[in-house]
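Novice: Turn this into a structure:
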Amino acid sequence: MASAETISSAPRMSGLAERYAQALLGLADDRRQADPGTLDRIAADLDTLFALWRDDETFRAFVADPRLDAPSQRKGVFAVLDRAGVGTEVRNLIGVLVANRRLAALPQVAQAFGALLAARRGQQTAHVTSAHPLSDTQRAQLSARLTEAGFSGVKLSEQVDPSILGGLILRIGSRLYDNSIKSKLQRLQYAMKGAA
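Specialist: A predicted model of the protein is given here:
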């Protein structure tokens with residue numbers, strides 16, 4: 001299994017990732033006249049790649065491995081892209097990432113693109129931190145709960161941090177909901193100190 005640092009720190013957005021995401025968004029805008037579905041296709045391809053990165057430990061290790069040279073990265077990642085059925089625009093982006101020795105930024109770029117697209121569409125992004133990757137059922141339940149709470153059409157941005165032990169930490173806008181076991185234990189510890 002990947003280390004906690006690998007999973008929890010990799011998807012954090014950076015200026016670099018945002019620049020690649022902006023370039024891809026600009027490309028989609030340029031092609032929108034000829035192909036109106038370009039933006040949605042690119043978003044779906046990036047979501048597929050991010051889900052693969054999140055759920056497949058081997059792919060995650062491959063993407064993060066700095067020892068691989070560009071031809072090895074290109075060969076390996078394009079084989080994965082072919083199997084996943086990823087389109088031309090995202091293939092070209094991956095080619096640029098490999099050529100610039102930035103393949104490890106793939107998860108950040110995918111999340112940055114999703115955040116930019118959500119902002120453009122007026123959607124809110126809910127940042128969810130869990131001790132283990134969420135299942136599809138848990139994602140659906142979380143989306144349903146957010147809708148019940150008045151946050152409809154929310155895009156989930158997931159992060160795994162085993163140090164929270166269990167439960168969830170959810171940040172949407174300026175609101176933070178911390179229902180992690182780590183926080184509950186800390187609150188219990190403070191309460192016990194106050195009682196002593």
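Novice: On the three-state scheme, the residue positioned nearest the centre of the chain is what?
Specialist: In the chain, the centroid-proximal residue (CA atoms, centre = their mean) is residue 111; its distance is 4.4 Å. Secondary structure, DSSP: H, G, I helix; E, B strand; the rest coil: residue 111 is helix.
Novice: Give me the below-cutoff pLDDT ranges for this structure.
Specialist: Residues of the chain that meet the criterion pLDDT under 70 lie in 1-14, 195-196.
Novice: can you give me the helices in this protein?
Specialist: 4-9, 15-31, 38-55, 57-64, 70-84, 88-99, 106-120, 136-148, 181-195 (DSSP state H).
Novice: and the angle from the second one to helix 106-120?
Specialist: By that I understand helix 15-31. Computed by axes from the mean of the first three to the mean of the last three CA atoms, to 10 degrees, the angle separating helix 15-31 from helix 106-120 equals 60 degrees.
Novice: Ok, the third one next?
Specialist: Between helix 38-55 and helix 106-120, the angle comes out at 140 degrees (the same axes, to 10 degrees).
Novice: And helix 38-55, what's buried?
Specialist: 38-39, 41-43, 45-46, 48-50, 52-54 (16 or more other CB atoms under 10 Å). (Glycine included, C-beta is placed from N, CA and C.)
Novice: So which of the residues you listed is the closest to residue 77?
Specialist: residue 49 (9.3 Å; CB to CB).
Novice: Now the closest one: closest residue in space, sequence neighbours ignored.
Specialist: Leaving aside its chain neighbours, residue 49 sits nearest to residue 110 (5.9 Å; criterion: CB to CB, 6 or more residues apart in numbering).
Novice: Wait, that neighbour touches residue 51, no?
Specialist: No - using CB atoms under 8 Å, residue 110 is not in contact with residue 51; the gap is 9.3 Å.
Novice: re the thing from before, from residue 69, how far out is the residue nearest to the centre of the chain?
Specialist: Distance, residue 111 to residue 69, using CB to CB, to the nearest Å: 26 Å.
Novice: ok, now residue 183?
Specialist: From residue 183 to residue 69 the distance is 44 Å (CB to CB).
Novice: Can you pick out the residue with more neighbours from these two?
Specialist: A direct count of neighbours by other CB atoms under 10 Å for residue 183 and residue 69 places residue 183 higher, at 14 against 9.
Novice: which residues does that one contact?
Specialist: 164, 167, 169 (CB atoms under 8 Å, 6 or more residues apart in numbering).
Novice: Return the member of the residues you listed nearest to residue 23.
Specialist: For the contacts of residue 183, the nearest to residue 23 is residue 169 (31.3 Å; CB to CB).
Novice: The closest one - nearest residue in space that isn't next to it in sequence?
Specialist: Looking at residue 169 with CB to CB, 6+ apart, the closest residue is residue 129, at 4.1 Å.
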